[in-house]
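Peer 1: Predicted model, plus sequence, below.
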Amino acid sequence: MAENCQAHTFLAVPRAGNKHLDTLTSMANLALTHMSQGQWKEAEELQAIELDICSKVLREEHPDTLTSMGNLAARYRNQGRLKEAEELEVEVMETRKRVHGEEHPDTQTGIANLAMTYMDQGWWKEAEELGVQAMETRKRVLGAEHLDTLTSMANLASTYSNQGRLKEAEELEVQVMEARKRVLGEEHLDTLTSMANLASTWREQGWWKEAKELEKEAEELEVQVMEARKRVLGEEHPHTLTSMANLASTWREQGRSKEAKELDVQVMEIRKSVLGEEHLDTLVRRWKEAEELNVQVMETRKRLLGEEHLDTLASMSSLAWTYRDQGQWKEAEELGMQAMETRTRLLGEEHPYTLISMWKESEQLGVQAIETFKKLLGEEHSYTLMSMASVASTWREQGRWKEAEELGVQAMETRERVLGAEHLDTLTSMANLASTYSNQAWWKEAEELGVQAMETRKRVLGEEHPYTLTSMANLASTWREQG
C-alpha cells in the first residue's frame with residue numbers, strides 16, 4: 001500500500017516540475033520502499049536520478065545532494081560494489097569536512113560509513129584509523145553515551161576483533177554493552193547484539209564460563225522481547241518475526257538444533273503467508289534449510305532476479321557449500337566454479353565478492369588462486385594468506401608433503417611478520433606446519449613447532465581453551481611416536 005501511494009505521488013509531482021523539492025522527497029521515499037522490499041535495481045535507478053537532479057538544482061555541496069550521494073553509496077555497499085561505494089563516500093566525507101568542519105555530525109557519519117566500507121574490504125588499518133577518529137570526535141561532541149558514539153565504539157571493537165586484538169575488542173564491547181543497557185534498556189535489540197558480541201569475544205579467549213552465563217542472560221532477554229512483541233505488535237509483525245529469527249539463531253549456536261529448526265519453520269511459514277513465497281525475507285529463512293530449500297531459493301532467485309544477480313550467485317555459493325557438507329564434491333565444485341566465474345565476468349577480478357569466491361574455491365584452483373591474490377592484493381593480504389593456508393591444507397591431506405611444507409612455511413612466516421607471533425592465525429599456521437612435519441616423520445621439527453604453538457596458546461588463550469588442548473594433544477602424539 002505504501003509503495004502505491006508513493007508511486008502515485010511521484011507520478012503526480014511532475015506538475016510541479018521534476019526538479020521540485022517535493023519531487024525529490026517522493027523519489028527518495030520511493031527508493032527507500034524499493035530497498036525495504038529487496039528491489040535493489042529500482043532503488044538504485046531512483047537514487048541515481050535523484051542524485052543527478054540534486055547536483056544540478058542544489059549544487060554539489062548542498063546537504064541534500066550529499067545525503068543522496070550517501071544513500072547511493074550505501075546501496076552500492078549493500079550490493080557488494082565496494083569500490084564505487086568507497087569513491088562516493090570519500091567525496092561525501094571530504095566535501096562535508098570542507099563545508100561543515102570535522103566535528104559536524106554529518107561529517108562524522110560520512111567518516112563512519114567510509115570506515116565500514118574499508119572493513120568490508122578487509123582494510124583493517126584504514127578502518128581502524130577512521131574508526132578511532134569517529135569514536136573520539138563523537139565522544140567529545142555528542143557525549144560518551146550517545147547512540148552514534150556507541151555505534152562507533154562497537155564498529156571499532158569489530159575492527160580490533162578481526163585483527164585478533166581480542167583484549168582491546170573486549171574492553172570496548174564491555175563499555176558498549178553497559179552503556180546500552182543504561183540508555184536503551186536490557187531488552188533492546190542493540191543491547192542484545194552487544195551481549196552476543198562480547199560473549200563471542202570471551203569464547204575466543206577461552207572464557208567459556210563467562211560466555212555461557214552472558215549468552216544465557218541474552219537468551220532470556222531475547223525470549224522476553226519476542227513475547228512482548230507478540231503481545232503488543234502481533235505474531236505477524238516484522239519486528240516480532242525478527243525477534244523469533246534471532247532467538248532461533250541463538251539456539252542454533254547453542255547446539256539446540258531441534259528447537260531452532262522449529263522456530264525457523266514457524267518464521268518461514270508466517271512470512272510465506274504474510275509476504276508471499278517469493279519475498280526476499282521468506283527466501284532468507286528458507287535458505288537455512290539444507291539442500292532442498294537451497295535449491296528452491298536458487299531457482300526462485302534465478303526466475304525473479306536473473307541468473308547473474310548477486311543474490312542468485314550467493315544462493316549458488318550457499319548450495320555449493322551444502323553439497324560439500326554432504327560429500328557431493330563434483331556438484332559442489334561445478335556450482336562453486338560457476339558462481340566464481342560469473343562474478344569474475346560481472347564484477348571483475350578485484351571485486352571482494354569475486355575474491356571471496358576464489359578463496360572458497362582455492363582447493364580446486366590451487367596455485368592459480370594464490371597467484372591471483374598476490375597480483376591483485378599483494379603477498380601480505382589476509383585473503384592471500386588464507387588461500388595459501390587452504391591450499392597447503394589440501395595438499396597435506398593429499399599426501400603432497402613437500403609442497404604443503406613449502407607453502408606452510410611461507411604462510412606462517414608471512415603471518416608472523418604481518419600479524420605478530422601471537423596472532424591466532426599465525427598460531428594456526430604454526431600448528432598446521434607441525435602436522436605436516438609429523439606426517440613426514442620429522443619428529444624434531446614437529447616437536448619444536450608444537451611446543452611453541454602450545455606455549456603461546458597457553459599464554460594468549462589460557463590452558464583450557466580448545467585450541468590449547470588441541471596443541472597439547474598433538475604434541476603428546478608427537479612424543480609418543482618418538483618413543
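Peer 2: All right, it came through fine.
Peer 1: residue contacts, L88?
Peer 2: 69-70, 72-73, 76 (Cβ atoms under 8 Å, 6 or more residues apart in numbering). The way it works is simple: take the backbone N, C-alpha and C, and place the C-beta from them, glycine included.
Peer 1: make it 6 Å
Peer 2: The contact partners of L88, taken as Cβ atoms under 6 Å, 6 or more residues apart in numbering, are 69, 73.
Peer 1: Please identify which helix or strand holds it.
Peer 2: Applying DSSP states H and E as the criterion places L88 in helix 82-100.
Peer 1: Give the buried residues for that helix.
Peer 2: By neighbour count with 16 or more other Cβ atoms under 10 Å, helix 82-100 contains the buried residues 82, 84-86, 88-89, 91-93, 95-97, 100.
Peer 1: will you turn those residues into TSV that also has distance to W401?
Peer 2: Formatted as TSV, the buried residues of helix 82-100 follow (distance: Cβ to Cβ, whole Å):
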residue	distance to W401
L82	39
E84	45
A85	44
E86	42
L88	49
E89	47
E91	52
V92	52
M93	50
T95	57
R96	56
K97	55
H100	61
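Peer 1: And those residues, which is the shakiest by pLDDT?
Peer 2: Among these, L82 carries the weakest pLDDT, at 76.
Peer 1: what packs against the helix or strand hosting T67?
Peer 2: Element membership of T67, judged by DSSP H and E, is helix 63-78. On a contact count with 3 or more Cβ pairs under 6 Å, 6 or more residues apart in numbering; DSSP states H and E, helix 63-78 meets helix 40-58, helix 82-100.
Peer 1: redo that, cut-off 8 Å
Peer 2: In terms of contacts (3 or more Cβ pairs under 8 Å, 6 or more residues apart in numbering; DSSP states H and E), helix 63-78 is packed against helix 21-36, helix 40-58, helix 82-100, helix 105-120.
Peer 1: Tell me the buried residues in that helix?
Peer 2: By neighbour count on 16+ other Cβ under 10 Å, the buried set for helix 63-78 is 64-77.
Peer 1: Quick check: pLDDT value at M177.
Peer 2: At M177, the model reports a pLDDT of 91.
Peer 1: and it, what is it in contact with?
Peer 2: 191, 194-195, 197-198.
Peer 1: Quick check: closest non-adjacent residue to G185.
Peer 2: T191 (6.7 Å; Cβ to Cβ, 6 or more residues apart in numbering).
Peer 1: Which one of the buried residues of helix 82-100 is nearest to S438?
Peer 2: Set against S438, the nearest of those by Cβ to Cβ is L82 (40.8 Å).
Peer 1: From E416, how far out is the closest one?
Peer 2: Applying Cβ to Cβ, to the nearest Å, the value for L82 to E416 is 29 Å.
Peer 1: same deal with L221?
Peer 2: On the measure of Cβ to Cβ, L221 and E416 end up 41 Å apart.
Peer 1: in what helix or strand does G408 lie?
Peer 2: Per DSSP H and E: helix 401-419 holds G408.
Peer 1: Next secondary structure element downstream of that helix?
Peer 2: Using DSSP H and E, the first helix or strand after helix 401-419 is helix 424-439.
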